[in-house]
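Mind folding the following:
(one chain, ligands or ions: 1)
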Amino acid sequence: MAKSVLSAPQFHNEEAAFAYVEALLWPNGPTCPHCGATEEQIGRLQGKSSRIGLRKCYACRGTFTVRMGTIFEDSHLALHLWLQVIHLMCASKKGVSTRQIQRMLQCSMKTAWFLTHRIREAMKDGMIGPLGGEGMTVEADETYIGGREKNRHRSERAVRGGVAGKEPVLSLVERNGRVRSMHIGRVTAENLRPILVAQIDDASLLCTDEAAQYRRMGEDFRHEAVNHSADEYVRGPFHTNSVEGFFSILKRGIVGCYFHVSEAHLHRYLAEFDFRYSNREKLGIDDAARANLAIKGFAGKRLTYETTRFQA
Ligand SMILES: [Zn+2]
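Residues are numbered from 1 along each chain as shown. This is a model prediction of the structure:
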């Protein structure tokens, strides 16, 4: 990432950071989070002792800032520092380690950890509406993500079976579009089929490999499987190159950046990689635009320490 990007005022000056976030979250002027009153009933409190960005609502007499009701609430971290972290996480294709954030902010590892996980949680797309559609192709495949084998307890391996100590992840990639990844149980047709049916528009062409778990997908979709075991990787438009490309980014990122991704938090790392891929350069979204999309998505996603913990 170019250093020049982070020299913009919103990354260093708290007032500029507030102005930046307000422009994104309040495109039509401030809205009172207490009563919903709009611009004409809201004034800015500008006394010397007033906090930056503080507004007063003349309808309900409440006060607020743009942080209220977003993931920025309940955090003592200055907004310009939040913006630095969000930019870094949105711009680095392979992810950012907790230690990098800790060094950058000179905060504790715990603070850095919760900060990055709040951002990851807020990056989730909510899986609203199916992927694909008429004339579109969706590729499905699964991979295994896990900590280092030698760090895993033997009994855990025995219980899990399958690929020792690793967690199965299913990714659905809309060709030239978005991706959705899920941490799943055992890779079986019974587990995968309801997910595919729920997440993929049935007018789509579904491309997979020839694995047994996809064998009956033709009952729900127009389905083409490429026979990897027979060295067939591409048959005209039928291939899984997009989802495999996504897996290579995911795996390099997870292995390179996150020393150990525990099973409980895997879904949030997946949300982070999905978010960047679904809003990638190739689709016309540059680093700054991607960070702005993330910030807009943070409205209405207030996450406390407890939500982060209990959703794990
Ligand atoms: Zn109000």
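
Longest helix in this structure, please.
helix 241-257 (DSSP state H).

distance of the closest residue to the ion within the stretch 101-250 of the chain from Arg268?
Of all residues in the stretch 101-250 of the chain, Ala122 sits closest to the ion, at 24.5 Å by C-beta to the ion. Where C-beta positions appear, they are placed from N, C-alpha and C, glycine not excepted. Ala122 sits 10 Å away from Arg268, going by C-beta to C-beta, to the nearest Å.

Kindly report the same for Ala203.
Between Ala203 and Arg268 the computed distance is 31 Å (C-beta to C-beta).

Could you do Leu192 as well?
Taken as C-beta to C-beta, the span from Leu192 to Arg268 is 22 Å.

Ala203 and Arg268: who's more crowded?
Under the neighbour definition other C-beta atoms under 10 Å, Ala203 and Arg268 were set side by side, and Arg268 has more, 22 against 13.

Helix or strand: which one has the more buried one?
helix 266-278 (DSSP states H and E).

List the buried residues in that helix.
266-278 (16 or more other C-beta atoms under 10 Å).

What are the buried residues along the host helix or strand of Tyr20?
Here Tyr20 sits within helix 14-25, counting by DSSP H and E. Under the neighbour-count criterion of 16+ other C-beta under 10 Å, helix 14-25 has Ala16, Ala17, Phe18, Tyr20, Val21, Glu22, Leu24, Leu25 buried.

What is it packed up against?
helix 79-91, helix 287-297 (3 or more C-beta pairs under 8 Å, 6 or more residues apart in numbering; DSSP states H and E).

what ranges do the strands span in the protein?
42-44, 55-57, 63-64, 137-145, 167-174, 179-183, 205-209, 222-226, 234-235, 238-239 (DSSP state E).

Would you single out the least confident of these?
With a mean of 87, strand 234-235 has the lowest mean pLDDT of those.

Give the pairing partners of it; include direction for each.
Strand pairing for strand 234-235, determined by DSSP bridges: strand 238-239 (antiparallel).

Give me the contacts around the strand it pairs with.
By C-beta atoms under 8 Å, 6 or more residues apart in numbering, the surrounding residues in contact with strand 238-239 are Glu139, Cys207, Glu224, Ala225, Val226, Tyr233.

coming back round to it: need the buried residues of helix 266-278 in JSON lines with pLDDT and distance to the ion, can you?
Converted to JSON lines, the buried residues of helix 266-278 look like this (pLDDT from 0 to 100; distance: C-beta to the ion, whole Å):
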{"residue": "Leu266", "pLDDT": "91", "distance to the ion": "40"}
{"residue": "His267", "pLDDT": "91", "distance to the ion": "36"}
{"residue": "Arg268", "pLDDT": "91", "distance to the ion": "33"}
{"residue": "Tyr269", "pLDDT": "92", "distance to the ion": "38"}
{"residue": "Leu270", "pLDDT": "95", "distance to the ion": "38"}
{"residue": "Ala271", "pLDDT": "95", "distance to the ion": "32"}
{"residue": "Glu272", "pLDDT": "95", "distance to the ion": "34"}
{"residue": "Phe273", "pLDDT": "95", "distance to the ion": "39"}
{"residue": "Asp274", "pLDDT": "96", "distance to the ion": "36"}
{"residue": "Phe275", "pLDDT": "96", "distance to the ion": "32"}
{"residue": "Arg276", "pLDDT": "96", "distance to the ion": "36"}
{"residue": "Tyr277", "pLDDT": "96", "distance to the ion": "39"}
{"residue": "Ser278", "pLDDT": "96", "distance to the ion": "35"}
